[in-house]
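Asker: Below is the sequence, then the predicted model.
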Amino acid sequence: IKVVGSGVGAPSDSDVLLASVSNAIILCFNLKATAAAERAAEKARVEVRYYDVIYKLTEDVERAAKGLREPTYRQVHEGRVEVLLPIKIPRLGIIAGSRVLDGKVSRGGWVKHSRGGNQIYEGRITSLKHFKEDVREMAAGQECGIGLDGFETFEPGDTMETFRLEREEL
């Protein structure tokens, strides 16, 4: 948020012109704009907001700042999987025949695929199967087939850490 101008008293035509050229809005606290300034704002399509409680003004500015920022996400661990063997599935490609060691695996979730302690892939889980049935999630101790988006070079002994992305609030 950039403050283009500030002042005391009702907004004038020049304030509206400044807001118009800088693509800004005018915030008024405990007063109204002059009739000429209101007409100029309407003509220039400049938004003028009026407040009589300072907390409402600061809340609006805070909400605007949150809306302009890119959202941030954090990874929340869901489970750990061991690849037992690669399985070729017609029309789907190669999936990882796996055992869920702890936690859970969810279709549409995210995964970090490692081989020998080195991460070799990070991406989405596109398919999750239990025998021939599509499932939403698999819990610890169960075996399943896991298909990854754009990755098919599975080897026995590979491990996968599954996680979901949660949006962080300010």
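Answerer: Nice, I can see it.
Asker: drop to CA atoms for contacts and neighbour counts, all remaining ones
Answerer: Noted.
Asker: any idea how far the closest residue to His113 other than its chain neighbours is from Val81?
Answerer: Leaving aside its chain neighbours, His113 sits nearest to Met160 (4.5 Å; criterion: CA to CA, 6 or more residues apart in numbering). Remark: distance between Met160 and Val81 (CA to CA, to the nearest Å) = 5 Å.
Asker: The two - which one has more neighbours?
Answerer: The neighbour comparison of Met160 against Val81 (other CA atoms under 10 Å) goes to Val81, with 27 against 24.
Asker: Quick check: closest non-adjacent residue to that one.
Answerer: Val100 (4.5 Å).
Asker: Does the one you found touch Leu84 like I think?
Answerer: No: Val100 is beyond contact range of Leu84, at 10.3 Å (criterion: CA atoms under 8 Å).
Asker: Now tell me what touches the least confident helix or strand in the chain by mean pLDDT from outside.
Answerer: Least confident helix or strand of the chain, by mean pLDDT, DSSP states H and E, is helix 54-68 with a mean of 81. The contact list for helix 54-68, computed with CA atoms under 8 Å, 6 or more residues apart in numbering, reads 1, 27, 29, 51, 170.
Asker: Now the two most distant members of those residues.
Answerer: Greatest spacing in these, by CA to CA: Phe29 and Leu170 (25.6 Å).
Asker: okay, those two: which has more neighbours?
Answerer: Using other CA under 10 Å as the criterion, Phe29 and Leu170 rank with Phe29 on top: 16 against 7.
Asker: so how far is Thr58 from the closest residue to that one other than its chain neighbours?
Answerer: Excluding its sequence neighbours, the residue lying closest to Phe29 (CA to CA, 6+ apart) is Tyr51, at 4.9 Å. Remark: distance between Tyr51 and Thr58 (CA to CA) = 10 Å.
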